[in-house]
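>>> give me the fold of what follows.
(one chain, ligands or ions: 1)
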Amino acid sequence: MAKKQFKAESKRLLDLMIHSIYTNRDIFLRELISNASDAIDKLCFLSLTDEKVGLDRSDFRIRITADKERGVLMVSDNGIGMTREEMESNLGVIARSGTLAFRDGLDPAQAEKAGIDMIGQFGVGFYSAFMVASTVTVVSRAYGAETGSKWESDGADGYTIAEFDRPEVGTDVILKLKPDTEEDCFSVYAQPWKLQELVKKYSDYVRWPIRMDVERTEKVDTGEKDENGVPRMDWKTVVEEQTVNSMVPIWQRSKKEASDADCIAFYKEKFRDTEDPVAVIRVNAEGMVSYRCLLFVPARAPYDYYTRDYVPGLRLYSNGVMIMEKCADLLPECFRFVRGVVDSPDLSLNISRELLQHDRQLKLIAANLEKKIKAELQRLMECDREKYEKFFRVFGAQLKYGVVGDYGMKKDLLTDLLLYDSAREKKLVSLKEYVAAMGPEQKYIYFASAETAEKAARLPQTEQVRAHGYDILCFIQDADEFVAEILGEYQGKRFCNVASQDLGLETDEEKAQAEKAQEENRELLEFVQKAVDGRVEAVKATRKLKSHAVCLSSEGEITLEMERYFHGMPGVDPKAMRARRVLELNLEHPAVRAMDQARNTDPQRAEAMARVLLAQAELMAGFPPEDPSAYSELVCTLF
Ligand code: ADP
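As a prediction, this is how the structure comes out:
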């Protein structure tokens, strides 16, 4: 039979699998059992609505068979099975799981290590069988199919696939174990005691019975008597099929029965993460709706998190039957990064998945989980700040979008979870902390927008605020200004953009002085306005600046930051979303004074100076010159 090649990425992974030294090859069994259990979940769910399945809940099982003499191990299930096409696409490709896509972002040395780490920690599913087997054979018959198929591979160069008779629906994964070597013992995986140990260690919570022939020694009466007339006893080995796992899912266990470490191990395996989650949330609720849940807040975003491919949701079980792999209705959008399991005996099972989405009980659970997640994040923020900041750097943007989304419906839930870079403290602060550190005379919560916190803290507009000793929040994410807009204020303190016209820092007297300066310098200001040829709405004298000559600010609703954001979006008319720009001049600055003098002696040179100053202001506000060479020539005319 002609061999088919594995897809390129699968081949690379296989190489890694076969040629690396694994400290943790034991995990292959867990992977096969977990696949078998998933396949049973699927058929069991079907059986609720489809009588043709013909199996009772109590009929489902996973069976492990070992043949010590031949060095063969088989994991069988009576789950949903695979069609020939499914075998080709599921067992011939691995990129789907995303493991390699993630690894490809790394350099080769890192990738090698990451690959090993990944396999070592949680395996890569089915492929891990090649760590212990020289040949892997999969015989499967899909539910509803007339016949079965057989897939076989020795790992290195492709696989074969052919029709194969299997009387019942389900899957057998058969491993021909590698021969033992001086360093490595593979035959141990055909020893019942070892297999039993592995099931207990890694797969005890699997909800379906894992059946195995277990050897037991028993004292038996030989029927003979010794010289004293006492019956002669002998030891006999009895082989008996037993269920070797306890079948109690980890989320059904108390804190005593399942430690946080156990839950974390479960998370890493089930949700394919190499890092410990930052939080484990357990809920055991009784009341209107009873349910148990085990939730995790990941420490890092899956590689596809901020793409359309990421599907949020919690695994939903009812009475131990998995109803949905990812039930999005259990999680509010703002917490879509949370992973985990919800199990409730109260959900009506005979309703379709669509109807389920509107289930009142689900809504109740969802509302409760929202509170629990919020409470846990708040606790982390207060009690384990380092961990919280780690979380926030990854998912903070999600929380901010959550404040802005749904017309601000979730703002009360989320506001106290937000953190911002503080320009003064050089660390992340919450709004509560910012306001608590405000003196009684500070009116506003000041913020400065830029690409990075360093750039925001150095904006010329911040000079006056800093001179007062006030802190400034650095807004560096797209959503930040929109969040400030939606919130309007925090604890009665309004937000104020340092780039806006009135920073509320001047006394009436100072304001009068500023107006006077504006009036006295009207000619100069008009001259500049004309020289920059309509590129700003207004030119004003400012007292905001100390060491800088100029800065750019905006009047009205649309800020410079919003303009930048909208211009990056497709389908937005750039003219409609333009900030009303104001060029602010520091009249005391030598550069501005030099320009003023040049107005009388060399007006052309003064015009060039005005245009250079505007370009400086734009540059500092993050708008580079549209025509850099023309700008460069302009600067050269001044020498
Ligand atoms: P993952 O479990 O992460 O999807 P695997 O490589 O372990 O990755 O398995 C690939 C796919 O092959 C599974 O998603 C499933 O569709 C299918 N599969 C594997 N084992 C079985 C099985 N015992 N019964 C039915 N389908 C299976």
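
>>> tell me how many other residues surround the nearest residue to F391 once chain neighbours are set aside.
Among residues not flanking F391 along the chain, V278 sits closest, at 4.7 Å (C-beta to C-beta, 6 or more residues apart in numbering). Every residue, glycine included, has its C-beta placed from N, CA and C. A count of neighbours around V278, defined by other C-beta atoms under 10 Å, yields 23.

>>> ditto for E515
E515 has 11 nearby residues by other C-beta under 10 Å.

>>> the host helix or strand of L48 packs against which elements?
Per DSSP states H and E: L48 is located in helix 27-49. Here helix 27-49 touches strand 62-67, strand 72-77, strand 170-177, helix 192-202, helix 260-270, strand 321-327, going by 3 or more C-beta pairs under 8 Å, 6 or more residues apart in numbering; DSSP states H and E.

>>> SS state for the residue of the stretch 501-639 of the chain found nearest the ligand?
With C-beta to the nearest ligand atom, the shortest gap between the stretch 501-639 of the chain and the ligand falls at P570, namely 34.6 Å. The three-state label for P570, taken from DSSP: H, G, I helix; E, B strand; the rest coil, comes out as coil.

>>> and it, how many neighbours does it have?
As a burial measure, P570 scores 4 neighbours (other C-beta under 10 Å).

>>> bridged to R580, which residues?
Beta-bridge pairing for R580 (DSSP bridges): E555.

>>> identify the residues contacting it.
537-538, 554-556, 558 (C-beta atoms under 8 Å, 6 or more residues apart in numbering).

>>> for L362, same thing?
So L362 contacts 327, 329-330, 347, 356 (C-beta under 8 Å, 6+ apart).

>>> thought K4 was touching E152?
No. Here K4 does not reach E152: they are 10.8 Å apart, not a contact under C-beta atoms under 8 Å.

>>> any shared contact partners between those two?
Listed as contacting both K4 and E152 by C-beta under 8 Å, 6+ apart are 159-161.

>>> which among those count as buried?
159, 161 (16 or more other C-beta atoms under 10 Å).

>>> let me know the closest of the shared contacts of K4 and E152 to L459.
Y159 (60.6 Å; C-beta to C-beta).

>>> phi first, then psi, for that closest one.
The phi/psi pair for Y159 (degrees, to the nearest 10) reads phi -140, psi 160.

>>> just give the closest residue to it, not the sequence neighbours.
Counting by C-beta to C-beta, 6+ apart, S153 is the residue found nearest to Y159 once chain neighbours are left out, at 3.6 Å.

>>> let me see the contact set for that neighbour.
Neighbours of S153 in contact, by C-beta under 8 Å, 6+ apart: 6, 91, 135-136, 159-160.

>>> and the two most separated of those residues?
Farthest pair in the contacts of S153, by C-beta to C-beta: F6 and T135, 14.7 Å.

>>> those two - which one has more neighbours?
The residue with more neighbours, out of F6 and T135, is F6; 22 against 16, by other C-beta under 10 Å.

>>> which element is that one on?
Short version, using DSSP H and E: F6 is in no helix or strand.

>>> picking that back up, want to throw the helices and strands packed on helix 27-49 into JSON lines with mean neighbour count and mean pLDDT?
Below are the helices and strands packed on helix 27-49 laid out as JSON lines (neighbours: other C-beta atoms under 10 Å; pLDDT from 0 to 100):
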{"stretch": "strand 62-67", "mean neighbour count": "20", "mean pLDDT": "97"}
{"stretch": "strand 72-77", "mean neighbour count": "22", "mean pLDDT": "98"}
{"stretch": "strand 170-177", "mean neighbour count": "22", "mean pLDDT": "98"}
{"stretch": "helix 192-202", "mean neighbour count": "17", "mean pLDDT": "89"}
{"stretch": "helix 260-270", "mean neighbour count": "17", "mean pLDDT": "89"}
{"stretch": "strand 321-327", "mean neighbour count": "18", "mean pLDDT": "78"}
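
>>> give me every residue that touches the closest residue to the ligand within the stretch 151-300 of the chain.
Proximity to the ligand, evaluated over the stretch 151-300 of the chain using C-beta to the nearest ligand atom, is greatest for T171 at 3.8 Å. T171 is in contact with 36, 39, 76-77, 79, 81-82, 138-141, counting by C-beta under 8 Å, 6+ apart.

>>> filter those residues down to the buried ones and express that as a PyMOL selection.
Burial among those is assessed by 16+ other C-beta under 10 Å; the matching PyMOL selection reads:
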select buried, resi 36+39+76+77+79+81+82+138+139+140+141
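
>>> the contacts of T171 also near the ligand: which ones?
36, 39, 77, 79, 81-82 (C-beta under 6 Å from any ligand atom).

>>> got the phi and psi for the residue nearest to Y159?
phi -150, psi 140.

>>> what sits closest to D213 if chain neighbours are left out?
Here the residue nearest D213, using C-beta to C-beta, 6+ apart, is V239, at 5.1 Å.

>>> so what are the sheet partners of the strand or helix carrying the one you found and their directions?
According to DSSP H and E, V239 maps onto strand 231-243. Here strand 231-243 is paired, per DSSP bridges, with strand 210-225 (antiparallel).

>>> so D165 touches G148, yeah?
Yes. With contact defined as C-beta under 8 Å, D165 and G148 form a contacting pair (6.2 Å).

>>> more neighbours, these two?
G148 (24 against 10).

>>> over to that one: give its phi and psi.
Taking degrees, to the nearest 10, you get phi -110, psi -180 for the backbone angles of G148.

>>> which residue is nearest the middle of the protein?
A301 (2.5 Å; C-alpha atoms, centre = their mean).

>>> can you pull the contacts of it?
337, 394-395.

>>> over to it: give its phi and psi.
phi -80, psi 140.

>>> for it, give its distance to D273.
Counting by C-beta to C-beta, to the nearest Å, the gap from A301 to D273 is 10 Å.

>>> for the residue of the stretch 51-200 of the chain at minimum distance from the ligand, which non-adjacent residue is closest in space?
Taking C-beta to the nearest ligand atom, the ligand has its nearest neighbour within the stretch 51-200 of the chain at G125, 2.2 Å off. Nearest in space to G125, with sequence neighbours left out and distances taken as C-beta to C-beta, 6+ apart, is E31 at 5.3 Å.

>>> distance of the one you found from L198?
In this view, E31 and L198 are 11 Å apart by C-beta to C-beta.

>>> try V592
Distance of V592 to L198, computed by C-beta to C-beta: 78 Å.

>>> on that earlier part again, can you tell me which of the ones next to the ligand among the contacts of T171 is nearest Y267?
For the ones next to the ligand among the contacts of T171, the nearest to Y267 is A36 (20.4 Å; C-beta to C-beta).

>>> I figured that closest one hits G79, correct?
Yes. A36 is in contact with G79 according to C-beta under 8 Å; the separation is 6.2 Å.

>>> return the helix or strand in the chain with minimum mean pLDDT.
helix 99-103 (a mean of 42; mean pLDDT, DSSP states H and E).

>>> so who does F392 touch?
So F392 contacts 399, 417, 419, 428 (C-beta under 8 Å, 6+ apart).

>>> redo that, cut-off 10 Å
Counting by C-beta atoms under 10 Å, 6 or more residues apart in numbering, F392 touches 278, 377, 380-381, 385, 398-399, 417-419, 428, 430.

>>> just confirm it is within a helix.
Yes. F392 forms part of a helix when assessed by three-state DSSP.

>>> and the pLDDT at it?
F392 carries a pLDDT score of 97 in this model.
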